[in-house]
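In: could you work out the structure for the sequence below:
(one chain, ligands or ions: 1)
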Amino acid sequence: ANQRTLSIIKPDAVAKNVIGEIESRFEKGGLKIVAAKMLQLSEEKAGGFYAEHKERPFFKDLVGFMTSGPVVVQVLEGEEAIAKNRDLMGATNPKEAAPGTIRADFAEAIDANAVHGSDSPESAEREIAYFFAADEICPR
Ligand code: CMP
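Out: Numbers count the residues shown, from 1 in each chain. Got it, this is the predicted structure:
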């Protein structure tokens, strides 16, 4: 089915100046960027985004990392976009990510892992609405 998913290019990848290379992976993989903006997340905005991880031991470091520099938040659209994005990203831990995936090629560590992608249709819906108003999404 045609789907939308929320993608974040994290501060490590923005700092490495590989935004374009990562976008190219999505486009070559058959996904369309239908919304995008660069943001400096506040602690509150990052913490709310990762609310489901609030009780995890890495939560504080995760919020610290996600607020350490600008991110690019975007909506990707396409056939099975949620799974396709996750395939293109590779495993959460870059050490376990398959060769040729974004995390294998651009990420250093489980926290500085270059990209985020929604993990289900329910989280995609919540995450897209967390960052974008309806009129900021431009299907094409
Ligand atoms: P993400 O898909 O953005 O969702 C939660 C993030 O927590 C995950 O990617 C990782 O970057 C980060 N994280 C940091 N430490 C861990 C850990 N030990 N296990 C899972 N995720 C972690």
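In: how about the residues of this structure near the ligand?
Out: By the rule CB under 6 Å from any ligand atom, the part of the chain lying against the ligand is 53, 58, 62, 92, 110, 111, 113, 116. C-beta coordinates here come from the backbone N, C-alpha and C atoms, glycine included.
In: now do the closest residue to residue 26 other than its chain neighbours, the pLDDT please.
Out: Distances taken as CB to CB, 6 or more residues apart in numbering put residue 76 closest to residue 26, at 5.7 Å, once the chain neighbours are dropped. According to the prediction, residue 76 has pLDDT 98.
In: my read: residue 76 touches residue 8, true?
Out: No: using CB atoms under 8 Å, residue 76 makes no contact with residue 8, being 10.9 Å away.
In: what about these two, which has more around it?
Out: Each of residue 76 and residue 8 has its neighbours counted (other CB atoms under 10 Å); residue 76 has more, 29 against 22.
In: redo the residues of the chain next to the ligand as a markdown table? Include distance to residue 2.
Out: Converted to a markdown table, the residues of the chain next to the ligand look like this (distance: CB to CB, whole Å):
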| residue | distance to residue 2 |
| --- | --- |
| 53 | 29 |
| 58 | 34 |
| 62 | 31 |
| 92 | 26 |
| 110 | 31 |
| 111 | 32 |
| 113 | 27 |
| 116 | 21 |
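In: which among those gets closest to residue 104?
Out: residue 113 (10.4 Å; CB to CB).
In: next up, the contacts around residue 119.
Out: By CB atoms under 8 Å, 6 or more residues apart in numbering, residue 119 lies in contact with 82, 86.
In: Three-state assignment for it, please.
Out: Secondary structure, DSSP: H, G, I helix; E, B strand; the rest coil: residue 119 is coil.
In: same question, the one 3 residues further on
Out: For residue 122, the reduced secondary structure class is helix; criterion used: three-state DSSP.
In: would you mind measuring from it to the ligand?
Out: Residue 122 sits 15 Å away from the ligand, going by CB to the nearest ligand atom, to the nearest Å.
In: that older thread, can you pick the most crowded of the residues of the chain next to the ligand?
Out: Neighbour max across the residues of the chain next to the ligand (other CB under 10 Å) = residue 113, 23 neighbours.
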